[in-house]
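Below is the structure, and that's it, no one-letter string:
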């Protein structure tokens, strides 16, 4: 005779109904994606975080990168950083660079995306033209811009032939114009990425909402400000986070075009870390600067995300 098992809910079921899952069923309960993410997980934990820890250790040393007996100095490198005027100058350049380039790229990218979402001819051609600078290697375009903005370059030649020779100047050889040139090159290079992300985000806005706004008499500018811009807010936040991190680790354009000069006028944290670690062979101090860079990047991204979350919780937003 088959025994009956009583349950808390009062029902009576045979033992086969409450039998625990067999091995085959337990195997099916395992996360199916684990084997696929294991290589990436091993790479991140085993390489990236190891490098971060190793950099943190090097930041406590006075080492030239080749000596077999580095000297432990504790937090001395960090103390020197706080008193280093070049570090604070590079940090100020980073903040200024982010504010200007992010504002200009956001404005131009948003406008381009809105225009190309309207029904104009040759849309595909314009998309390619706007996005092309993003895929050009900085090492390729840097010599072109260096020649263009040289004292005898194409820009000054054009100004002189337009009767604006009084505006010609050595753009890369003076502190007052070198940083604007770096900002201009960066905006030219990365506005295409901003445009693509905004273009994709605008495609997710409900067309019926836009049509209803037009029916109510809203013009194009009103629709952009009141409907489209709030609708792509998530993209703007993501671009701001990428902009903060990108500004903090900016290296290629200023180094290839101006080498951080003249007179540190285009020095960024990335170029300063390279200058200290390689040519000057202060690897320990460079590692401390790298740790500071990592901390600042994390704090900047967290601050942008926290501000976005706070605005999301505000009533009426």
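Done, it's in. Just so we're clear, the structure is a prediction, and the values are computed from it rather than from any experiment.

for the chain, which residue is closest to the average position?
With distances taken as C-alpha atoms, centre = their mean, the residue of the chain nearest its centroid is residue 242 (2.4 Å).

if I've got this straight, that one is in a helix?
Yes - assessed with DSSP: H, G, I helix; E, B strand; the rest coil, residue 242 lies in a helix.

What's the per-residue pLDDT of it here?
On the pLDDT scale, residue 242 is placed at 90.

same thing with residue 257?
93.

With residue 261 instead?
Residue 261 carries a pLDDT value of 86.

From residue 182, how far off is it?
As judged by C-beta to C-beta, to the nearest Å, residue 261 and residue 182 stand 11 Å apart. No exception for glycine: its C-beta is placed from N, CA and C like everyone else's.

Of these two, which one has the most company?
Higher neighbour count among residue 261 and residue 182: residue 182, with 23 against 16, using other C-beta atoms under 10 Å.

buried residues in the helix or strand where that one lies?
Residue 182 is part of helix 175-202, with elements assigned from DSSP states H and E. By neighbour count on 16 or more other C-beta atoms under 10 Å, the buried set for helix 175-202 is 178-179, 181-187, 189-199, 201-202.

Same question for stretch 203-221.
Buried residues in stretch 203-221 (16+ other C-beta under 10 Å): 205, 210, 213, 218.

and residue 153, how many neighbours does it have?
Counted with other C-beta under 10 Å, the neighbours of residue 153 add up to 18.

Next one: it from residue 138, what distance?
In this view, residue 153 and residue 138 are 18 Å apart by C-beta to C-beta.

Now residue 71. Its backbone dihedrals?
phi -100, psi 120 (degrees, to the nearest 10).

ok, now residue 84?
phi -90, psi 110.

per-residue pLDDT, the closest residue to residue 148 other than its chain neighbours?
Among residues not flanking residue 148 along the chain, residue 154 sits closest, at 5.0 Å (C-beta to C-beta, 6 or more residues apart in numbering). Per-residue pLDDT puts residue 154 at 93.

Next: residue 92.
pLDDT, residue 92: 95.

Can you give me the neighbour number for residue 151?
13.

Relative to residue 171, how far out is it?
According to C-beta to C-beta, residue 151 and residue 171 sit 8 Å apart.

Same question for residue 217.
Going from residue 217 to residue 171 by C-beta to C-beta gives 48 Å.

picking that back up, out of the buried residues of stretch 203-221, which one sits closest to residue 118?
Residue 118 has its nearest neighbour among those in residue 210, at 11.2 Å by C-beta to C-beta.

check contacts around residue 190.
Applying C-beta atoms under 8 Å, 6 or more residues apart in numbering to residue 190 gives the contacts 101, 105, 133-134, 246.

would a markdown table of these with distance to residue 294 be doable?
A markdown table is the format used below for the contacts of residue 190 (distance: C-beta to C-beta, whole Å):
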| residue | distance to residue 294 |
| --- | --- |
| 101 | 21 |
| 105 | 24 |
| 133 | 28 |
| 134 | 25 |
| 246 | 14 |
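
which of the residues you listed sit farthest apart?
Spatially, the most separated pair among the contacts of residue 190 is 133 and 246, at 14.9 Å (C-beta to C-beta).

how about the strands in the stretch 201-317 of the chain?
Here the stretch 201-317 of the chain has no strands by DSSP state E, counting those that start in this stretch.

mind listing the helices for it?
Secondary structure of the stretch 201-317 of the chain, counting by DSSP state H, counting those that start in this stretch: helices at 207-215, 220-223, 229-231, 233-248, 252-257, 269-277, 283-313.

Then the stretch 1-150 of the chain?
With DSSP H, counting those that start in this stretch as the criterion, the stretch 1-150 of the chain has helices at 23-28, 34-43, 49-58, 76-82, 85-117, 123-131, 138-148.

right, and the ones you listed - which one's nearest residue 66?
Here helix 49-58 is closest among these (C-beta to C-beta), at 13.1 Å.

Let me see the residues that make contact with the closest one.
With contacts defined as C-beta under 8 Å, 6+ apart, helix 49-58 is touched by 283-284, 287, 290-291, 294.
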